[in-house]
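Asker: Return atomic coordinates for the entry below.
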Amino acid sequence: MSNRSKVFQSVVAARPVLSEEHIQVLQQPFTIQEVKDAIFSIPGMKAPGPDGFGSSFYHDNWDLVGEVVGTAVINFLNTGKILKEINTTTITLIPKVKCPDSVKDFRPISCCNVIYKAATKVICSRLRQILPEIIAENQGPETLLFDFWFAAKPEKMVVYCSGMQEAEVTHVLKMSGYTRAHLPFSVYLMDKNWWEYQPPTDCSWYWKRLVAVKEAFKAKADLSYFAALRYSIKIGLDLLFDQPLAVGWSKVVWDRLSIPKHRIVLWLVMLQRL
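Answerer: Alright, predicted model coming up:
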C-alpha cells in the first residue's frame with residue numbers, strides 16, 4: 001500500500017461521491033425483514049442449489065425457519081464468514097438444441113443456494129438506493145453490481161469431465177480457467193496430495209467415510225492404474241469388494257429422479273446415522 005499512487009482529491013470531488021446520507025444508508029444494521037424481502041423476491045420456480053432447497057421452501061415455511069435463516073445471513077454480512085456447504089454452486093449445462101453434439105450447444109447456468117442468493121440480494125438492495133444518484137444511467141449499475149461479489153477463483157476450481165472428447169475438454173478448460181479433475185468429486189486441499197490426505201478430527205462423518213474408502217483403495221489397488229481408468233462405479237466396487245454386498249434399498253435411495261440432497265438423507269437414514 002505504501003507504493004500505491006495517491007488519488008488527487010480534486011479529481012474525486014469533480015465527480016459524484018457518497019454523501020453523509022448515503023453513508024448512513026449503507027451502514028445501517030441489517031435486518032431480518034431485509035433478508036425476508038430478498039428471499040421472497042426470488043421466484044418459487046427457480047432451480048434449487050446444491051442443498052436442494054428452492055426459494056418456494058422458504059416462502060412456505062418462513063414462520064418456522066425465517067428467524068434462523070435471517071440470523072445466518074446477517075451474521076455472514078457482518079462477519080464475512082459463511083459455511084462452505086452454503087458457499088457452493090452447481091454449474092449445470094442446459095442444451096440449446098434438441099440433439100446437442102458439442103460444447104457450444106450447451107448454455108451453462110449456476111445454481112446457487114438460496115441463502116447465498118439472499119446475502120447478495122440484500123447487498124444489492126442497499127446499493128440500489130444510492131447508485132442511481134452517483135452513476136449515470138448509461139453506465140448500467142445493475143450490471144456493475146455482480147462484477148465483484150463472490151467471484152470464483154479459477155486456481156481453486158476444478159471440473160470433472162465424463163464421456164467428453166478431448167477437444168471438448170480442452171475447450172472447457174481454456175474458457176473457464178479451471179483445472180481438470182480426475183475424480184468425480186473434489187475438495188480444495190491446498191497443495192496436498194489426495195492419496196496422502198488425512199481428514200481433520202472435527203470434520204463430518206460422511207467425509208471421514210469418504211476418506212476411509214480412499215484408504216481402502218490404496219490398500220487394494222494400483223493407484224497409477226486406477227487413476228488412468230475411465231471412472232466407473234462398477235470398477236470401484238470390484239476393487240473394494242470381492243463379492244459386493246447387495247442391499248434391497250439401493251435403487252430406491254439412489255433413484256435418478258430424486259433430488260441429490262434427498263438421496264443423501266435417505267442413505268443416512270438407512271445407515272442409521274440420523
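Asker: From here on, just use CA atoms for contacts and neighbour counts.
Answerer: Noted.
Asker: what stretches of the stretch 101-250 of the chain score poorly on pLDDT?
Answerer: For the stretch 101-250 of the chain, residues meeting the criterion pLDDT under 70 lie at 136-158, 160-163, 181-191, 226-227, 229-233, 244-245.
Asker: Surely residue 178 is in contact with residue 159?
Answerer: Yes. Using CA atoms under 8 Å, residue 178 makes contact with residue 159 at a distance of 6.5 Å.
Asker: Looking at those two, which is more packed in?
Answerer: Higher neighbour count among residue 178 and residue 159: residue 159, with 20 against 17, using other CA atoms under 10 Å.
Asker: and the gap between the more buried one and residue 57?
Answerer: Relative to residue 57, residue 159 is positioned 29 Å away (CA to CA, to the nearest Å).
Asker: Equivalent analysis for residue 256, please.
Answerer: Residue 256 is 21 Å from residue 57, by CA to CA.
Asker: can you pull out the strands in this protein?
Answerer: Using DSSP state E, the strands of the chain run over residues 89-95, 106-112, 158-160, 179-181.
Asker: Looking at those, which one is packed in the most?
Answerer: strand 158-160 (a mean of 18; mean count of other CA atoms under 10 Å).
Asker: Export the strands of the chain as a markdown table, with columns for distance to residue 50.
Answerer: Below are the strands of the chain laid out as a markdown table (distance: least, CA to CA, whole Å):
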| stretch | distance to residue 50 |
| --- | --- |
| strand 89-95 | 6 |
| strand 106-112 | 7 |
| strand 158-160 | 16 |
| strand 179-181 | 19 |
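Asker: so which of those gets nearest residue 43?
Answerer: Among those, strand 106-112 comes nearest to residue 43, with 13.6 Å by CA to CA.
Asker: So what are the sheet partners of the closest one and their directions?
Answerer: strand 89-95 (antiparallel) (DSSP bridges).
Asker: Output the strand it pairs with as PDB, nothing but the C-alphas.
Answerer: Listed next in PDB are the C-alpha coordinates belonging to strand 89-95 (Å, rounded to 0.1, in the frame of the first residue of the first chain):
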ATOM      1  CA  THR A  89     -22.500 -23.600  -6.600                       C
ATOM      2  CA  THR A  90     -23.600 -26.300  -9.100                       C
ATOM      3  CA  ILE A  91     -22.800 -25.500 -12.700                       C
ATOM      4  CA  THR A  92     -25.400 -27.100 -15.000                       C
ATOM      5  CA  LEU A  93     -25.300 -27.300 -18.800                       C
ATOM      6  CA  ILE A  94     -28.600 -26.600 -20.500                       C
ATOM      7  CA  PRO A  95     -28.900 -27.800 -24.100                       C
END
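Asker: now it: mean pLDDT?
Answerer: The pLDDT scores in strand 89-95 average 85.
Asker: Nearest to residue 125, out of the strands of the chain?
Answerer: That would be, of the strands of the chain and by CA to CA, strand 106-112, which comes in at 18.4 Å.
Asker: burial measure for residue 60, as a count.
Answerer: Quick note: residue 60 (other CA under 10 Å) scores 11 neighbours.
Asker: Report the contact partners of it.
Answerer: For residue 60, no contacting residues are found, by CA atoms under 8 Å, 6 or more residues apart in numbering.
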